[in-house]
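K.L.:
Here's my sequence, what's the structure:
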Amino acid sequence: MSEAPAVPQAPTTHQAADRAPRAPAERAQADGAPQAVAADAVDAITDQWYAVRPDLETAPMAVFGRIYRITKAMSDAMEQTYGRFGISRGEFDVVATLRRSGAPYTLSPRQLSATLMLTTGGMTGRLDKLEKAGLLSRRPDPHDRRGLQITITDRGLAVIDEAVTAGLEVQRAALGGLSEEEVAVLTGLLRKLMAGV
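P.N.:
Numbers count the residues shown, from 1 in each chain. Next up is the predicted model:
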């Protein structure tokens, strides 16, 4: 009994470049990857677009589709990690900004807002919660009668040092499939991309 003919599949987006079918391993090597990587959900999306709109150049979609998905996955992972220390990712950003500013770990609300690109209202809500949790303190600015100074407490210093270490472990694990050289190349490419947007 003869086998039924295989159902033809739509060409991959990568095939659009030269209209010549290539196996996944060949495609990965041609794209500069050190080893074959299985097709992912973004490949499926761009392949579908090629099937209905072969005139579209979907390379940007392939790049930013993966950036969006990585961002969502890592945002969820970091939120869960920082949650173990009783803070959200947004609250982590506030305390971390104070911590990396160096001793005496003090900034004004305006400086914090500018660094984190937050509105005054958005910053106030985070400061209220962090102060209530004992992670930072607010006091009058001795150089500005209408101003405030935000400072990490000893408890806040201990929490942020543990949280940043835990967060880096999660991020390092996510990069586990890349070599040190690949991480360096990726960092450079993302820096170049970010400078252009």
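K.L.:
check which helix or strand covers Ile150.
P.N.:
For Ile150, the element it lies in under DSSP states H and E is strand 144-152.
K.L.:
And that strand, what does it pack against?
P.N.:
helix 89-100, strand 106-107, helix 109-116, strand 136-141 (3 or more Cβ pairs under 8 Å, 6 or more residues apart in numbering; DSSP states H and E). (Each C-beta comes from the backbone N, C-alpha and C, glycine too.)
K.L.:
Need the residues that contact the first one.
P.N.:
Here helix 89-100 makes contact (Cβ atoms under 8 Å, 6 or more residues apart in numbering) with 75, 78-79, 82, 87, 105-107, 112, 115-116, 123, 126-127, 129-130, 135-136, 150-152, 156-157, 159-161, 163-164, 167.
K.L.:
Okay, buried residues for the longest helix along the chain please.
P.N.:
The residue-count maximum for a helix in the chain (DSSP state H) belongs to helix 59-83. Under the neighbour-count criterion of 16 or more other Cβ atoms under 10 Å, helix 59-83 has Ala62, Gly65, Ala77, Met78, Thr81, Tyr82 buried.
K.L.:
Could you find which two of those residues are furthest from each other?
P.N.:
Pairwise distances among the buried residues of helix 59-83 were taken by Cβ to Cβ; the largest, 30.6 Å, belongs to Ala62 and Tyr82.
K.L.:
nearest residue to Ala41 other than its sequence neighbours?
P.N.:
Arg69 (7.3 Å; Cβ to Cβ, 6 or more residues apart in numbering).
K.L.:
do you know how far the one you found is from Arg110?
P.N.:
35 Å (Cβ to Cβ, to the nearest Å).
K.L.:
any idea which helix or strand comes after the helix or strand of the chain with the lowest mean pLDDT?
P.N.:
The weakest-scoring helix or strand in the chain, judged by mean pLDDT, DSSP states H and E, is helix 24-30 (a mean of 44). Next helix or strand after helix 24-30 toward the C-terminus (DSSP H and E): helix 41-52.
K.L.:
Just the pLDDT for the most centrally placed residue in the chain.
P.N.:
In the chain, the residue lying closest to the centroid (Cα atoms, centre = their mean) is Thr71, at 4.0 Å. Note for Thr71: predicted pLDDT of 97.
K.L.:
Now do it against Arg110, distance only.
P.N.:
Applying Cβ to Cβ to Thr71 and Arg110 gives a distance of 28 Å.
K.L.:
Could you tell me the average pLDDT over the helix or strand containing Thr124, please?
P.N.:
Taking DSSP H and E as the criterion, Thr124 maps to helix 120-132. Regarding helix 120-132, the rounded mean pLDDT is 90.
K.L.:
Next: stretch 168-176.
P.N.:
For stretch 168-176, the per-residue pLDDT averages 97.
K.L.:
who's in contact with stretch 139-158?
P.N.:
Under the criterion Cβ under 8 Å, 6+ apart, residues 95, 98-99, 104-109, 112, 127, 130, 134-138, 160 lie in contact with stretch 139-158.
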